[in-house]
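Engineer: Requesting a structural model of the entry that follows:
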Amino acid sequence: MIRVVIIGGGWAGCAAALTARKAGAEVILLEKTDMLTGLGLVGGIMRNNGRYTGAEEIKALGAEELINITDAAARHVNINFPGHQHANLYDVTKVEPMVRKILEEKGVDIRLMTRAVDVEMEGRSIKSVVLADESTIKGDVFIETTGSTGPMGNCLKYGNGCSMCILRCPSFGPRVSISYRAGVEDILGMRADEVYGAFSGSCKLNKDSLSEEIREKLNRDGVVILPVPKEDINIGKLDLKVCQQYALPEYAENIILLDTGHAKLMTPFYPLEKLRKIPGLERARYEDPYSGGKGNSVRYLSMAPRNNAMKVMGVDNLLCAGEKAGLFVGHTEAMATGSLAGHNSVRLAMGIPLLELPRNTATGDLIAYANENIKTREGLKLRYTFAGSVFFERMKQQGLYSVDPEEIRNRIKRIGLLDIYKEKLV
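Structural biologist: As a prediction, the model looks like this:
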């Protein structure tokens with residue numbers, strides 16, 4: 001049997017594991033921490049703007065499991081907040097066990113607290129990954145979905161210090177670039193001022209630290225918008241964000257809270273003494289990161305060059321997905337790229353042509369468009385997401401944006417790719 005080894009258990013890695021299993025592979029999923037879904041542990045936003053289209057394309061292509069889970073765990077459905085329409089907010093406290101259960105049911109070998117630190121090569125191919133305990137795991141094909149955040153030195157060098165974020169580097173060790181260990185130079189994203197990396201786009205506040213009125217409104221409506229005192233408005237901070245789809249004036253002029261189980265604060269960081277000046281937030285406390293009053297994790301410092309089938313250039317048996325594959329933002333984007341990488345891992349092992357999603361699909365166009373732009377200096381300053389920034393506008397111009405599931409399904413059917421991820425190849 002073909003063995004596919006996936007390094008990284010975030011949304012992209014979980015998606016890749018599912019499609020590789022469907023294609024007939026034995027799948028080992030390595031995750032350095034004690035939980036799956038990565039940034040899904042603190043994320044929570046789905047189906048906003050073009051992500052609705054992206055989610056329905058994933059389902060039509062045959063990788064519906066993770067979309068169904070986030071839909072089932074939604075606390076709020078079809079809500080609007082500045083710059084974003086028809087969003088679902090899933091409960092970040094419920095999703096991870098649901099994802100772990102479906103992976104186990106599908107026969108994925110999940111190995112938690114297992115950190116890959118190096119590779120053993122045979123020519124241009126990876127023979128095995130080396131773990132922190134010096135043991136090795138052999139595979140036929142490898143998929144890197146390690147993300148682009150960490151180690152702590154990056155947060156110190158390009159941010160405001162270690163923020164003790166959801167990645168928990170001090171406990172579980174730093175992220176290691178497997179593609180770099182295999183001899184491929186990393187690509188680094190930039191901010192508008194050409195400093196490398198970008199701050200994560202949001203923080204989490206402890207709900208119990210908010211006023212009863214705000215808690216009730218947040219639980220009822222899913223969104224609370226609180227004006228920022230004029231003297232504290234900082235438009236320049238928007239340039240620091242990973243999530244350019246939220247880099248709108250409304251996010252500097254207001255405190256915008258979303259209910260994802262925690263109170264998701266849509267800003268990279270906000271000084272606590274200023275936050276507590278706002279009525280209802282007098283006792284506010286950060287839940288994640290603990291240093292949300294000063295800084296957040298820094299991302300986009302470790303991307304691999306790849307083709308539009310998600311294969312890493314320069315290594316014969318390595319694919320990538322999620323943020324490792326480019327300046328992508330979001331869970332839907334991670335699931336979309338991960339699903340393609342997982343399916344193609346089996347094709348690669350079998351020596352059959354890899355699948356490239358055509359550009360008359362939103363997912364195919366996103367993958368190709370991001371790949372084109374990352375080759376330019378200006379393109380390294382942009383972010384690519386179904387939900388906003390430059391790509392959502394492109395989706396609308398290209399006629400790719402739709403919130404009609406049947407229309408999206410028919411589009412995938414017309415190009416002969418309906419349920420392609422469900423085909424058993426071996």
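Engineer: Please measure how far the first residue of stretch 392-406 sits from its last one.
Structural biologist: Taking Cα to Cα, to the nearest Å, stretch 392-406 runs 20 Å from one end to the other.
Engineer: again, but for stretch 1-21
Structural biologist: First-to-last residue span, stretch 1-21, Cα to Cα: 11 Å.
Engineer: now the helices: where do they sit in the stretch 101-250 of the chain?
Structural biologist: 152-158, 169-172, 178-181, 212-221, 249-253 (DSSP state H, counting those that start in this stretch).
Engineer: Might you calculate how far the helix or strand bottoming out on mean pLDDT in the chain sits from the centre of the chain?
Structural biologist: Least confident helix or strand, the chain: helix 249-253 with a mean of 82, by mean pLDDT, DSSP states H and E. On the basis of Cα atoms, centre = their mean, to the nearest Å, helix 249-253 sits 24 Å off its chain's mean C-alpha point.
Engineer: Which residue is the nearest non-sequential neighbour of Thr53?
Structural biologist: In this structure, Thr53 finds its nearest non-sequential neighbour in Ala362, 4.9 Å apart by Cβ to Cβ, 6 or more residues apart in numbering. C-betas here are computed from N, CA, C, even on glycine.
Engineer: Kindly report the same for Gly139.
Structural biologist: Val5 (3.6 Å).
Engineer: Now do Pro249: how many residues are near it, please.
Structural biologist: 12 (other Cβ atoms under 10 Å).
Engineer: gap between it and Arg191?
Structural biologist: Distance of Pro249 to Arg191, given as Cβ to Cβ, to the nearest Å: 18 Å.
Engineer: next one: Met350
Structural biologist: From Met350 to Arg191 the distance is 42 Å (Cβ to Cβ).
Engineer: Looking at the two, which is more packed in?
Structural biologist: Arg191 (19 against 16).
Engineer: correct me, but that one touches Lys381?
Structural biologist: Yes - counting by Cβ atoms under 8 Å, Arg191 touches Lys381, with 6.7 Å between them.
Engineer: All the strands of the stretch 151-300 of the chain, in order from the start?
Structural biologist: Assigned by DSSP state E, counting those that start in this stretch, the strands in the stretch 151-300 of the chain fall at 198-199, 203-205, 223-227, 254-259, 263-265, 286-288, 298-299.
Engineer: ugh, wrong one, the stretch 1-150 of the chain
Structural biologist: Under DSSP E, counting those that start in this stretch, the stretch 1-150 of the chain gives strands at 3-7, 26-31, 45-46, 74-81, 84-90, 109-112, 116-122, 125-131, 136-138, 141-144.
Engineer: so can I have TSV of those showing distance to Ile58, mean pLDDT and mean neighbour count?
Structural biologist: What follows is the strands of the stretch 1-150 of the chain, written out as TSV (distance: least, Cβ to Cβ, whole Å; pLDDT from 0 to 100; neighbours: other Cβ atoms under 10 Å):
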stretch	distance to Ile58	mean pLDDT	mean neighbour count
strand 3-7	18	98	28
strand 26-31	18	98	24
strand 45-46	11	98	26
strand 74-81	16	97	18
strand 84-90	14	97	21
strand 109-112	21	98	16
strand 116-122	26	98	17
strand 125-131	27	98	19
strand 136-138	28	98	15
strand 141-144	17	98	32
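Engineer: So which residues make contact with stretch 116-123?
Structural biologist: 7, 30, 32, 126-132, 136-137, 173, 176, 178, 181-183, 316 (Cβ atoms under 8 Å, 6 or more residues apart in numbering).
Engineer: ok, back up a step: tell me which of the strands of the stretch 151-300 of the chain sits most buried.
Structural biologist: strand 298-299 (a mean of 29; mean count of other Cβ atoms under 10 Å).
Engineer: List the contacts of the very next helix or strand once past that one.
Structural biologist: Once strand 298-299 ends, the next helix or strand along the chain (criterion: DSSP states H and E) is strand 318-320. Contacts with strand 318-320, where a contact means Cβ under 8 Å, 6+ apart, come from 16, 126, 141-145, 178-179, 182, 304, 306, 309-312, 341, 344-345, 348.
Engineer: and strand 318-320, which residues are buried?
Structural biologist: Leu318, Leu319, Cys320 (16 or more other Cβ atoms under 10 Å).
Engineer: Just the pLDDT for Gly236.
Structural biologist: Note for Gly236: predicted pLDDT of 67.
Engineer: Check Asp239 too.
Structural biologist: The model's pLDDT for Asp239 equals 62.
Engineer: for Ser171, same thing?
Structural biologist: Value for Ser171, per-residue pLDDT: 92.
Engineer: Roughly how far does it sit from Val92?
Structural biologist: With Cβ to Cβ as the criterion, Ser171 and Val92 are 19 Å apart.
Engineer: With neighbour numbers in mind, choose between the two.
Structural biologist: Neighbours were tallied for Ser171 and for Val92 using other Cβ under 10 Å; the higher tally belongs to Val92 (23 against 11).
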